[in-house]
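Engineer: got a structure for you, letters missing:
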C-alpha cells in the first residue's frame, strides 16, 4: 500500500525526522490560508503516482495569492489517470545548500533492509545509479541490530557530509529506519533530503510504501488508505479478497492462482488476444467469490469475452463447475464466456458446464484461442 | 552486583510481575505501622546472603504487635556475617495452592539466557535438581526473539499448570525476562512463585543479580547499591578500581592479573601458607594504585606478611619497582613484605627494591616460601 | 528415490486442529503420509483421527518431538501465528519444515530466515503449495491425483500452474521424483538453487522442470547455477510475460532491481544457460518428452 | 609456521588514536606487525606514524577495508563502544578480530557472538591479552620480549600468568609457535577447543600448553576434545585451586553449573584425558622440557 507524501512525512516526523511545516489543502481558499499562516509555501499535488513535477503538479506559492492560484491550477488536474483532490502546502526551506537522496527499503536479493544514499540527490537519481553507480551508497541493516552509528558514519563519510552534521544525520537515519520498521514499510524514501542555508537537515519530499500483509497490525497506516482515489473495481476486489489488476485489453480473465493467472494472460496474448485484467480468485473458488469476480470483470465496458481457467487441484472440478453455474445465474450477462477446467474431476465439471450451455475447452491453448475468437466477435 | 529482595521485586513489578503489597521497615515501630496498614504481614530480613529462613530471619506478623516483635527480633541479627539493617514486610498471600520455581539466568555453556522452572518450587530446589533433574525445565531464549508464547506454553504445559493460568504465566514470564534484559541482570529468580487460593500467580520471594559491567548504563540499579552493608575494605577496593576479595588467612597478596593472583594464592597454600585475600591491581601498577592496594591489605589485622607478585609485561619492571617504593614510603608499616618482579626489566626492578632494603625473590615458589616463613615469624 | 520427503518421513503438523489444517492433514494421511503428531496450544492430549490412524496432539512442538521424534513439519496456521510456529519448529530441532501460510509480513520473514540460516534449518515456503513425492508422501496441497512416480523433478514458484505442468507430464506418461513448490514470497526459505542441488544429487531424478515467474532474481541466479553446476537437463517456463510493470513507488526499487525481475530477463538468462524455455505451458511436457527420447 | 597471525597479516586497529590504542599500536609496529590502517570516527584522513611507518586513519572500518584490504583487526576502544566495533568489523568482511577491551556487558556479548557465528567471523576475546607469533607479529599486549620462536603452542584464559609461562619456556630454551590469550569473560569468541584445533593442524606446533582457571566449563570441554581429537602432547595448569566459591545468589547458578567450574573438576577432567596438570606454574616449563626430551 502506497502512502501520500504528506502521510509519509508525518510518519517520518513521528520518528524524529525533520520535515517542513506544512498542511493539506482541499480547496484554493485553504491553500491561501495556509500560505498566509506559513509565509510562503510550495504547493504539491498528492497523488499515488510519480512524475507530478513534470506534469505541472508542483508550484510555488510565495504569497497567499500565488498559493491560491497554484492550488487552483493543480486541484482537479489529471496526472497519469489520477485526479488531484488535495495539495500539500509546505513551508519553503530556508535556502538549499545540497540535495541528498536517502532511502530505506527491502533488498530481496540480500534478504535485508538496506540504506541507499547518494550525495547526488534530486530528480535524476535513477540516472545517477545507471551512469555513476559508485555514487550510490548501499548499506544493509541487520534487523536484530538496527542502524548502528558506524553505518551512519560510513554513509555520511562516503557522501562527504560536513562532520558537524554527522550526529544529526545519524539521528535522522535512525529515525527513518525506526519509521520503516515500526510501520512495516517496504520503502521509506527522502528525495531530496536537503541541507538548508542554516546548516540543518530537512526531509523536503517523502515516499513510503507499506507491506499489505502487515496491515492487520498497522491500524493507523491502514486507516490512511485513500479510498477517494482508489478505482471502484479495485476496491471491490480488495474487499472480496480477490487479487485484481485492471489492464487495457478486452478479454476478461478469471483464474485460480497468480502464476496460472499470469500464464493465462501470456497464452491469450500468444494467440493474438489482449487481457482486460489480471484476476486471481485464490484457493477454493467458491460460488460467491466467482460471482464477485465476474461482477468486477464485467464492470469494465471494454470486456468483450471472459476466459475462466480453473485448475481443480484439491478442490474438485465438479464443485467448481457448480460454483460457476450458480454465479452465472446470479450475474446476468450477455458477454460470451469460455470455461476451461482441469485437474481432479475435471471431466465431471466440464460436463456440468456443457449442460449449462457454456463454451468449454480442454487445454489452456484451446481456451485462449476460443476466447480470442469470441472477443473478436467471430464466434 | 546483588540486589535485596525488596529491590528485585520492585523491579519485577515494573515489568508486570505480580508481587505482594509490601514495605521496608528500618525499626520495629515502622514494621508495626506497615502491618497495621496491610493487615498481617511476613517480616523478612534484607541481607545479601542466603539461608536467612533457617537463621530465623523470616517471621510471621499476623498482627501489628506480632510484626513489631518479629522486626525487633530480626533487626540487628547477624546472618552469615551480615548485620540486618532492614526488613521487608509483605502482605500475606491469600492461601497457597502451589509453589513454583522460576528463574531467568545466563547459561554460559549455551551462551544464551535461559528460563529455568519447576513445579516443585520452594526451599529445596537444588535437591530437586540433583535427585529429579527431569523436574527442572530448561528453555533457552534467543535474545533477538525474546520469550515467545510457545516457550511459555511449553513451560506451563510441562509443569502441568492449569490451562486458565497459561496466559497470565506467559505475561509473567515475558515480564520477568523483560526485567532481566532491561536491567542487564545475570539472574532473576522467583522462588516461590505461588498460585494463590484465588487462582492468581504471585511472586512471593525474588532474587536478582546485575552485571557489574553494565552498571554504567543502569543508573537506577547502580544507585541501589547498599553501601551500609558493604565491608569497608571492599568499598575502598571498588572505588580504587581494584579487584579484592577478603579471605581468612594471614598472608596479604598483591598481584597484577586475576589468573596470576589466583596462582599466587595457590602456590602460597602449596607451601603451607594461608592467603588473607585475593587482590588484582589490574594493568599498569601505578604508584597510587599500589598504595591503595597496600592500605586495603593492611587494614586486615590478621595480615602478618605481604606477598607482592608483579609480572612486568609491557609495563617495565623498573617502573613497577619505583611505584612500589613510592607506595611503601607513603604507607608506613611494620608488616614484613616479600616482592617478586618478573618479565621485562625485572632485574633492574629487583635491584631498586633491594636498594630499598626489601625482601625479594626470583621465582614465585621462592617468593611464596619466603612469605610463608615471614608470616610464621621465623624470618 | 526422491528428495526431502518419502514414505518414511515423520511429519508433525502445527495447526492440525484448525479448519484448513485438519482438512489437508486428513488428505495427506489418506495419501500415505506418515503424520506422527499434531500441535495446537491448549489441545494437548487430544487425538486426531484420519484414515484409520490416531495422531496425538500436543501443546507445543517440543513436546511432540520429545514424544514422537518427527523429522519434518508442516505449518498451517493463520498468518499472525505462523512466524512463531516457524521459530518454535526450528527451536524444537526439526531440520525441515514447510510453511503453507500466506500473507506473512516480509520483515517477519527477513528475521525468521536469518534465524533459520544460523540454525541450519530448512524452510520450504511460506505461501507455498508444499511438496509431493508421488506414491509416497505429500506435505501441503499439491494434488496427488495428477502425479505419478517417475524420473522428473519439478520445482516451481507457483501453485496451480505447477499442478497444470505435473498433470501434463503425467498425461504423457512421464512421472515425477518429487514436485516442490517453493512459493513466490519475496523472502522465502528454499530457493530454486537449493532444490536444483537436491535434484542434481538425487540418482532417481533424470530431468528437471523449473517453473518461474516475474519478480525478484531467483530465476537469474538459478540460471547461473545451472550453467555451472547442473549436469542434468532442465526445461523451464516463466509466467508473466504480459504482466504490466508493477506500480513502483519512488526510485529505490528500480535502482535495486535494475533489469532483473522481468520475464524477458529471466528467459534470456535461462536460454543462455542452455535451458529451453517453453512459450506455452502446454509445451513443457512435450519438450521434456522429446528431450527424454519419449 | 604459526596460527592466526604471522608477519604478512594485515592488521587494522579500531581505536588507533586513543591513549591505549596508540601506545599498543606503536609497540606492535615496532615488533614488526604489519598494521595497515587505523579507524577512529571523525579522524578519517589523519596519518598515524610509528616506527618509521605511516598508517592511514579512516572514519569507518569499511572504508579502511576498501582502501587497505586488512585481514585481521584489533579492537581497543572503551567498553561502551566495543560491541559496535565488533559488529562494524564483522560487517566490513574482516574474518578475524581481536577485542582487547574489558568490561563489556555479558548480554551484549551474547548477541554479538550469535551474530559472529552466523557470519562465520572469528573473534578472539574480549578482555584478552591478544596473541603473539614470536619473531613475526603481535596483536595485543603479550610482551614479545619474553617469547622466542619455537615448537610450543600456548593457549590461555589468563594474561600475566601466560607471560609467566612463556617466560619460563623461553628461559629453558623452548620457543613458541603462537601464544593465544582467549580471555576469561563468561562469553567470548574463541575457546580452548578452537585454538587446540588450530594447533593440532599446524605442522610447526609439536607441543601444546593450555592454561585454564576456575569458572565455566571450557576446560572440561577442552579435555573431552583433547581425548578425542588432539594427537599432540598437551601440558596444563589450572589457576584458582584455593579460590573461595563465588558468592552465589539464588539457586540457579548451582543448578546450572553443578560441579563443573571448580579447579578440582577441571584438573580431574584433564588428567583423565591424559594431560599432565602442573601443581605450580614454575613446573610447567620443566614438564614440557621433559616431555620433549630436552
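Structural biologist: Structure received. Only a predicted model underlies this, so the values are computations on that prediction, with no experimental measurement involved.

Engineer: quick one, what contacts whichever residue of the stretch 101-250 of chain A sits closest to chain C?
Structural biologist: Evaluated by CB to the nearest CB, the stretch 101-250 of chain A has residue A:214 as its residue closest to chain C, separated by 3.8 Å. In this view, the C-beta of every residue, glycine as well, is placed from N, C-alpha and C. When contacts are counted by CB atoms under 8 Å, 6 or more residues apart in numbering or on different chains, residue A:214 touches A:184, C:105, C:106, C:107, C:108.

Engineer: can we see that at 6 Å?
Structural biologist: The neighbours of residue A:214, taking CB atoms under 6 Å, 6 or more residues apart in numbering or on different chains as the test, are A:184, C:105.

Engineer: Retrieve the pLDDT associated with it.
Structural biologist: At residue A:214 the predicted local confidence, pLDDT, stands at 96.

Engineer: separation between it and chain B?
Structural biologist: Computed as CB to the nearest CB, to the nearest Å, the residue A:214 to chain B distance reads 18 Å.

Engineer: Do me a favour and get the end-to-end distance for stretch A:11-18?
Structural biologist: Across its full length, stretch A:11-18 reaches 11 Å between end residues, using CA to CA, to the nearest Å.

Engineer: so how far is it off the chain centroid?
Structural biologist: From the chain centre to the centre of stretch A:11-18 is a distance of 22 Å (CA atoms, centre = their mean, to the nearest Å).

Engineer: now the helices: where do they sit in the stretch 1-150 of chain C?
Structural biologist: The residue ranges that make up the helices of the stretch 1-150 of chain C, judged by DSSP state H, counting those that start in this stretch, are C:19-31, C:61-68, C:79-91, C:106-119.

Engineer: actually the stretch 151-294 of chain C, not the one I typed
Structural biologist: For the stretch 151-294 of chain C, the helices identified by DSSP H, counting those that start in this stretch occupy C:160-171, C:192-201, C:218-229, C:252-257, C:263-272, C:281-291, in order along the chain.

Engineer: again with chain A
Structural biologist: With helices called from DSSP state H, chain A shows them at A:5-14, A:28-38, A:64-74, A:125-131, A:149-159, A:166-182, A:219-222, A:232-239, A:258-270, A:287-298, A:317-330, A:346-355, A:364-375.

Engineer: Could you say which of the helices of the stretch 1-150 of chain C is packed most deeply?
Structural biologist: helix C:79-91 (a mean of 23; mean count of other CB atoms under 10 Å in any protein chain shown).

Engineer: Any residue of it touching chain B?
Structural biologist: Yes - with CB under 6 Å from any CB of the partner chain as the threshold, helix C:79-91 lies in contact with chain B, specifically through C:84, C:87, C:88.

Engineer: I'd like to know how many residues surround the closest residue to residue C:229 other than its chain neighbours.
Structural biologist: In space, not counting the residues next to it along the chain, residue C:229 is nearest to residue C:200; the distance is 6.8 Å by CB to CB, 6 or more residues apart in numbering or on different chains. Under the neighbour criterion other CB atoms under 10 Å in any protein chain shown, residue C:200 is assigned a count of 18.

Engineer: Save the helices of the stretch 1-150 of chain C as a markdown table, and put in mean pLDDT and distance to residue B:16 too.
Structural biologist: Listed next are the helices of the stretch 1-150 of chain C as a markdown table, based on pLDDT from 0 to 100; distance: least, CB to CB, whole Å:
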| stretch | mean pLDDT | distance to residue B:16 |
| --- | --- | --- |
| helix C:19-31 | 94 | 32 |
| helix C:61-68 | 98 | 25 |
| helix C:79-91 | 97 | 20 |
| helix C:106-119 | 95 | 24 |
